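S.K.: sequence first, predicted model second:
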Amino acid sequence: MPELPEVEILARHLGPLLKNRTIRGVEVLRKRVIAPTTELELAKALRGATFDDLIRRGKYLLFGLRSPDRDKPTLLLGHLGMTGRMFLIDPAASVPKHAAVTLDLGNLRFVFEDTRYFGRLTLDTEALSRLGPEPLGPEFTPKYLAAELKRSTQAIKIKMLDQSLVAGVGNIYASEALFCARISPRIAARRLKPAQISRLCECVREVLNRAINLGSTLALTFAGDGSSDGLFYYGSDGTNAGSLEERFAVYDRAGLPCGVCQTPIRRIVQAARSTYYCPQCQR
DNA sequence: CACCATGTTCCTTG
DNA sequence: CCAAGGAACATGGT
């Protein structure tokens, strides 16, 4: 569940649940997800530490912890990769098959589970230094975007996925934002006109905000039960998540009619990833 | 068996 | 040095 809106919703839910809980033990089941931190370093930094705050930056989660024996707060960086999830379970309950890291919180167990193990939970915060501005923050302006795009020959869709351009937009919302802005995903970034850049800037904010607002309305438990614990965006469960077509105008809708002009939505491959767009509306 | 999947990093090429 | 392209990572669903 991993683009900016989903990470934002997770942070809002998990933050209050973790606040003031102290870590009693650390269990690493997949070393690769904590790299380059070692098991020893992680256990040393986290055991006895207490959760303070949880914020999102791009698609990253930043856990702030305080320790009785340390002056400075400890920062723990999380990333969900493609399939990562984080939730709290009863310590007596079984740990999921692809659990990568678990934290003993006494009467609760924090679980970071990730079937593909592309995610991260690490003390290494270097990745943050490579991130561009927050799309919902004040730095992400048409002026900024124009300056960044003017030398790039890359297709705008591919450029939107560049986390150093803007942090948090992924494959789904890149397609959605370009549809909203009526811009062809194939056009070279440097060819965008000022009016298009302004629309794109606004549309990025709009699609992300709408997804966050939708996520805020859902009753999520983050209990790891698989139905309402954060998989609000793919999920079989149309019950509280709403169907895909209610949420996405073009993503995963190849062959289905465009909601504006009825032209069939097209799927193309760019940088080895699917892009969906309306060939009529997006010129 | 084939192809597809919400992401990032590393290596190569130009 | 930089931009861009592609492979790798790992597992599961269809």
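M.R.: In hand now; what should we look at?
S.K.: need the contact list for residue A:35.
M.R.: Residue A:35 makes contact with A:120, A:122, A:124, according to C-beta atoms under 8 Å, 6 or more residues apart in numbering. Placement of C-beta: from N, CA and C, glycine included.
S.K.: excluding sequence neighbours, find me the nearest residue to the residue lying farthest from the centre of chain A.
M.R.: With distances taken as C-alpha atoms, centre = their mean, the residue sitting farthest from the centre of chain A turns out to be residue A:69, at 32.7 Å. The spatial neighbour of residue A:69 that comes closest, neighbours along the chain excluded (C-beta to C-beta, 6 or more residues apart in numbering), is residue A:48 at 7.1 Å.
S.K.: one more: residue A:211?
M.R.: With sequence-adjacent residues excluded and distances taken as C-beta to C-beta, 6+ apart, residue A:211 is closest to residue A:5, at 3.5 Å.
S.K.: likewise residue A:254?
M.R.: Take residue A:254 and drop its neighbours on the chain: the residue closest to it by C-beta to C-beta, 6+ apart is residue A:267, 3.8 Å away.
S.K.: that neighbour: neighbouring residues, count only.
M.R.: 16 (other C-beta atoms under 10 Å).
S.K.: on that earlier part again, correct me, but the residue nearest to residue A:211 touches residue A:212?
M.R.: Yes. Taking contact to mean C-beta atoms under 8 Å, the distance of 4.6 Å between residue A:5 and residue A:212 places them in contact.
S.K.: what parts of chain A come near DNA strand C?
M.R.: When proximity is defined as C-beta under 7 Å from any atom of the strand, chain A approaches DNA strand C at A:32, A:97-98, A:115-118, A:151-154, A:158, A:271-272.
S.K.: put the buried members of these into a PyMOL selection.
M.R.: Buried residues among these (16 or more other C-beta atoms under 10 Å), as a PyMOL selection:
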select buried, chain A and resi 98+117+152+154+158
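S.K.: neighbours around residue A:39, how many?
M.R.: Around residue A:39 sit 13 other residues, with neighbours defined as other C-beta under 10 Å.
S.K.: any idea how far residue A:159 is from the residue of the stretch 151-283 of chain A found nearest DNA strand C?
M.R.: When distances are taken as C-beta to the nearest atom of the strand, the stretch 151-283 of chain A reaches nearest to DNA strand C at residue A:153, 3.7 Å away. Here the criterion is C-beta to C-beta, to the nearest Å. By it, residue A:153 lies 10 Å from residue A:159.
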